[in-house]
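Q: Here is my input; please provide its structure:
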Amino acid sequence: KRCPAGLKLDPAGKRREPSSTSQYKWNPMDADATPMDCGNLCCGDWSCESFDFHPDGKDLPEGTDCPVDKPCCVFRDDIDPLVTPAPGDPVVSGLRSKLPSLRPKYPNSSVILGAYVDPKYQVAVQGDEFPITWGADGNQYTGAGDNNQGQEFSPAAFFKVKGGPMDMNCTDPSNPSPQCTNMTLQGSTIPVRGKWLLDYCENWNPWHKPEYEDVPNIKSNSVISIDGVLYWAVTCFNYGDDLDFNRQRYGPSWIITSEDGGVTWNLNATNPKMFTGRLAAPRFVQFGRDNAGARDEYVYVHFQATNGGAAFFEQNDMLFLGRVPKDQILNRTAYEFYNGEMPDGQIAWVSDDSIAVPVWSYPLMTAVQQVNYHFETKSYIFANWAWISYDGHPRPDHSPDERNDRTKHQRSQLVLVEAPEPWGPFSVFHIDDDWSGWDGSTGAYTPVFPPAWMGPDNFWMVSTQCCDPFPVSPPNNHYTFNAQHVTLKLNMSSERLLVKW
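A: Model prediction:
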């Protein structure tokens, strides 16, 4: 309903490049139709980004649905350059506007007044979902989903990151699989495999090759370093059993461990059904190097989930919060969950996750890959992301459109959030409905803050974009470890910051 008000006709004497392949649907119109009627029709197709109105139906390709001598409305799934048409060309072109999206119902932060997110990326290895922790040895460690380092593909591989974001020393970032001196593969390209795991996960074997018959389809959920041991939460993954919204389902999930920096893993550290249903997406809260800055003897874990009792890669409804004694992190029965605040101000924790109370709610717009404690602002900080349509509505990446079996051009909302406690109260300090790169790349997702790259009033944020080099994505997208610099505007007179850093 909001789309028509945002339609814009192109200037007289100009039209969108007529030879472009972005044209994908030809719609017959009534004899008295107008260019704005064509625009209104475009509003009904979420892959339509621009349109051409042909008042006489002439000069159209053969085989279209439009008869000659009647108006025709042509949809485009891209915004092509404006050109000067041939004399007498009657075509009128126009654009849809990117409309504002939903907003989380939380106030603006009084501690962090705003943030500038530099659109320039520092590009590293290929993959997505890069949850990252700071190891005891001073290096950072991350798991990458759907990775290819030029040797073989992997549903989930593990990497060591040395130094800072400007020190990764990678090859040409336009290469689909950049090689980096200071971001290196640890151990096997496919560290999680075994036919016994196919009792829990679907087989990951896109080429139907015998060498992949024992590889489960998994994703990298979260990772944390505690007392020199890496705990990597991995999850089974399903690409499309959510018939209503076509989201990608997590679960079951479990934790595997490494005592040698991710070179080898104990795949039997926990039962593969450790976390199921709405707990299938555990996200460990990061407290600095090797978890040395932890608030107490517990490990805190957020879980993104839906009202329907599931956990999806994208477009969830809420966050739950759990905790577990750090020496019991592998014991599922030791976990307890936030159940609200008691009248005396104490937090109620329960072992029954079915009565857990959400700490964050943002229906169909919740996706949080990691939460970090930021010591200087005494804040728990996370980035919430959501894929949205031109109209600003929730729109998962794998949603089909008129031309493609998934969206061609993605649009992402980025929301930066802080709170004094892991359960809140939450405040917002940055919103961007069109989170894009400096080169026109779009659709970023799974943002995280590498804990070793967090300074007093600035830090780096890592995300990825789907899915270069696949043909469904814009040519500039970077399906890689993409680091962006974030500068904070702090309120130094706020109560939380009055204590000197």
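
Q: Go ahead and name everything in contact with the helix or strand bottoming out on mean pLDDT in the chain.
A: Ranking every helix and strand in the chain by mean pLDDT, DSSP states H and E puts strand 122-126 at the bottom, with a mean of 90. The contact list for strand 122-126 (C-beta atoms under 8 Å, 6 or more residues apart in numbering) reads 144, 147-149, 159, 165-166, 168, 170, 173, 176-180, 183, 478-484. Yep, even glycine has a C-beta here, placed from its N, CA and C like the rest.

Q: Can you list the strands that it pairs with?
A: In the sheet, strand 122-126 lines up against strand 480-490 (antiparallel) (DSSP bridges).

Q: Test my guess that residue 37 contacts residue 28.
A: No: the criterion here is C-beta atoms under 8 Å, and residue 37 misses it with residue 28 at 12.0 Å.

Q: Find the residue at the geometric middle of the protein.
A: A centroid search over the chain (C-alpha atoms, centre = their mean) returns residue 445, at 2.2 Å, as the residue closest to the centre.

Q: how close does that one sit to residue 479?
A: The gap separating residue 445 from residue 479 is 11 Å, by C-beta to C-beta, to the nearest Å.

Q: Need the overlap of contacts for these two.
A: 128, 464-466.

Q: Check pLDDT for those residues and point me to the minimum.
A: pLDDT across those is lowest for residue 466, at 82.

Q: Quick one: the strands in the stretch 201-350 of the chain, in order.
A: Under the criterion DSSP state E, counting those that start in this stretch, strands of the stretch 201-350 of the chain are mapped to 218-226, 229-238, 249-258, 282-286, 298-305, 316-325, 336-341, 347-350.

Q: quick check: angle from the first one to strand 229-238?
A: Following axes from the mean of the first three to the mean of the last three C-alpha atoms, to 10 degrees, one obtains 160 degrees for the angle between strand 218-226 and strand 229-238.

Q: Pairing partners for strand 218-226, with directions?
A: strand 229-238 (antiparallel).

Q: any weak-confidence spans in the stretch 301-450 of the chain?
A: Of all residues in the stretch 301-450 of the chain, those with pLDDT under 70 make up the ranges 400-409.

Q: same deal with the stretch 51-200 of the chain?
A: For the stretch 51-200 of the chain (pLDDT under 70), the answer is 150-151, 173-176.

Q: where exactly do the strands run in it?
A: Using DSSP E, counting those that start in this stretch, the strands of the stretch 51-200 of the chain run over 72-76, 82-83, 92-95, 112-117, 122-126, 132-134, 140-148, 153-161, 183-185.

Q: Next: the stretch 401-501 of the chain.
A: Using DSSP E, counting those that start in this stretch, strands in the stretch 401-501 of the chain cover 412-419, 427-432, 444-448, 458-465, 480-490.

Q: Mind listing what's buried along the longest one?
A: Looking back up the chat, that one is strand 480-490. Residues of strand 480-490 classed as buried by neighbour count (16 or more other C-beta atoms under 10 Å): 480-486, 488, 490.

Q: picking that back up, and the gap between the residue nearest to the centre of the chain and residue 459?
A: According to C-beta to C-beta, residue 445 stands 19 Å off from residue 459.

Q: again with residue 46
A: 34 Å.

Q: related to what we said a few turns ago, out of the shared contacts of residue 445 and residue 479, who has the most neighbours?
A: Counting neighbours by other C-beta atoms under 10 Å, residue 464 leads the shared contacts of residue 445 and residue 479 with 27 neighbours.

Q: so that one touches residue 480, yeah?
A: Yes: between residue 464 and residue 480 a contact is recorded at 6.3 Å, counting by C-beta under 8 Å.

Q: Identify the contacts common to those two.
A: Common neighbours of residue 464 and residue 480, counting by C-beta under 8 Å, 6+ apart, are residue 127.

Q: Make JSON lines out of the strands of the stretch 401-501 of the chain and add distance to residue 55.
A: Formatted as JSON lines, these follow (distance: least, C-beta to C-beta, whole Å):
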{"stretch": "strand 412-419", "distance to residue 55": "37"}
{"stretch": "strand 427-432", "distance to residue 55": "38"}
{"stretch": "strand 444-448", "distance to residue 55": "40"}
{"stretch": "strand 458-465", "distance to residue 55": "39"}
{"stretch": "strand 480-490", "distance to residue 55": "45"}
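
Q: So which of those strands is nearest residue 252?
A: Closest to residue 252 of these is strand 444-448 (C-beta to C-beta; 20.0 Å).

Q: quick one: contacts of that closest one?
A: Contacts for strand 444-448 (C-beta under 8 Å, 6+ apart): 128-132, 314, 367, 369-370, 383, 385, 387, 397, 412, 414, 435-437, 461-466, 482.
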